[in-house]
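Q: sequence unknown, structure follows:
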């Protein structure tokens, strides 16, 4: 599926699909995560951007409008939706062109859905978790 279509299938519209990695609607927040950068930790599937934002290559995207907008969206998810977010999971090399995008709505997933468990509102580093689907098999 294409990037914009994945957002639309979850009920979100992007203002500028080339510069945005998140979106919001009246009912929630949706973020993108790279599948390759997820890992399993204590039975949870985890995506943690804080580690990436400390890397020497982080500067090329941390000042972009999409990053600043994502901080606002993640803040809203925590403040209004108890941290729960919809996700567009991207396949492909992180930071490069994606190969496909998969909508992963919070209402469609297992018991709880993806949840923001930490956010640095200054740097934009964050961590989202969901119960690992493989651990419940």
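A: It's in. Everything numeric here is computed off the predicted structure, so don't read it as measured data.

Q: Skip ahead from the lengthiest helix in the chain and say which helix or strand is next.
A: Of all the segments of type helix in the chain, defined by DSSP state H, the longest one is helix 65-81. Following helix 65-81 in sequence order, the next helix or strand is strand 84-91 (DSSP states H and E).

Q: Check which residues of that next one are buried.
A: Of the residues in strand 84-91, those buried by neighbour count under the rule 16 or more other Cβ atoms under 10 Å are 84, 85, 86, 87, 88, 89, 90. The C-beta positions use only the backbone N, C-alpha and C, and glycine is treated the same way.

Q: For the third one, give me its contacts.
A: I take that to be residue 86. 10, 12, 28, 29, 30, 31, 103, 104, 105, 106, 113, 114 (Cβ atoms under 8 Å, 6 or more residues apart in numbering).

Q: The last one against residue 88, yeah?
A: Same thing as residue 114. No - using Cβ atoms under 8 Å as the test, residue 114 is too far from residue 88 to be in contact (10.7 Å).

Q: Between the two, which contacts overlap?
A: Taking Cβ under 8 Å, 6+ apart as the criterion, residue 114 and residue 88 both touch residue 104.

Q: hang on, residue 105 packs against residue 6?
A: No - contact status for residue 105 versus residue 6: not in contact, 10.2 Å apart, counting by Cβ under 8 Å.

Q: burial count for residue 8?
A: The criterion is other Cβ atoms under 10 Å. On that basis, residue 8 has 15 neighbouring residues.

Q: Great, nothing more from me.
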